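Q: here is my input, please return the structure:
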Amino acid sequence: MSGLAIALREVRDTDYEALFAIEEEREGNLMAAFTPIEAQRGAFDQRWTKIMANDRWVKRVIVLGGAVVGSIASFNREEEWEITYRIGRAWWGRGITTSAVGLFLPLVPQRPLMARAAMDNAPSIRVLEKNGFRHVGTGKYFAESRGREIDEVILRLD
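A: Numbering: from 1, shown residues only. As a prediction, the model looks like this:
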């Protein structure tokens, strides 16, 4: 890992530039699969306005050495609580996401907590498994960034 301290903090309006830059990363969009391949600033701003207005969401930015390197959130979808996260490409493979999820889980009391990942997104699946999530199923989902339906892994933390 980088040797710098990983922290989570509340999202600020001033974080949007860094978060949008992460969303613009084509490789990250393909890996995450569930986001558009091309980031659109207007859609990004609308989505974050809704997220920030929803007090049921638990949302944080991932900070490393004072810089925003990603985001992490939990939300309620169809009566299930789910976790989502994203980190900038420059920070992949350093254990940052695994640590960030570990820091985040105590902030989310709801259990079970669900997670979904593209079946071919092995790094994200490993992050979840290292934090205690277990495979509970598979499904199909339309991956906007890939323009087709893909297989996904469904995981749960009890």
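Q: this protein: helices as residue ranges?
A: For the chain, the helices defined by DSSP state H cover 16-23, 26-32, 41-53, 96-104, 122-130.
Q: so which elements touch the lowest-mean-pLDDT helix or strand in the chain?
A: One helix or strand of the chain scores below all others by mean pLDDT, DSSP states H and E: helix 26-32, with a mean of 77. On a contact count with 3 or more C-beta pairs under 8 Å, 6 or more residues apart in numbering; DSSP states H and E, helix 26-32 meets helix 122-130. Any C-beta I mention is one placed from the backbone N, CA and C, and that applies to glycine too.
Q: before we move on, the earlier item: nearest to G66, out of the helices of the chain?
A: With C-beta to C-beta, the closest approach to G66 among the helices of the chain belongs to helix 16-23: 11.3 Å.
Q: on the strand side of things, show who the closest residue to L8 other than its chain neighbours bridges to.
A: Excluding the flanking residues, the one nearest L8 by C-beta to C-beta, 6 or more residues apart in numbering is R60, at 4.0 Å. Per DSSP bridges, the residues bridged to R60 are I72.
Q: what number of residues are in the vicinity of R60?
A: By other C-beta atoms under 10 Å, 20 other residues sit near R60.
Q: could you check how far the least confident helix or strand of the chain is from the centre of its chain?
A: Centre-to-centre, helix 26-32 and its host chain are 12 Å apart (C-alpha atoms, centre = their mean, to the nearest Å).
Q: with stretch 125-141 instead?
A: 13 Å.
Q: what are the buried residues along that stretch?
A: Using 16 or more other C-beta atoms under 10 Å as the test for burial, stretch 125-141 gives 125, 127-128, 131, 133.
Q: mind picking the two most distant members of these?
A: Most distant of the buried residues of stretch 125-141, by C-beta to C-beta, are I125 and N131, 11.1 Å apart.
Q: need the residues touching each of those two.
A: Common neighbours of I125 and N131 are not found (criterion: C-beta atoms under 8 Å, 6 or more residues apart in numbering).
Q: dump the residue contacts of the residue most central in space within the chain.
A: Centroid-nearest residue in the chain: Y85, 1.1 Å away (criterion: C-alpha atoms, centre = their mean). By C-beta under 8 Å, 6+ apart, the contact set of Y85 is 62, 70-73, 97, 100-101, 104, 127.
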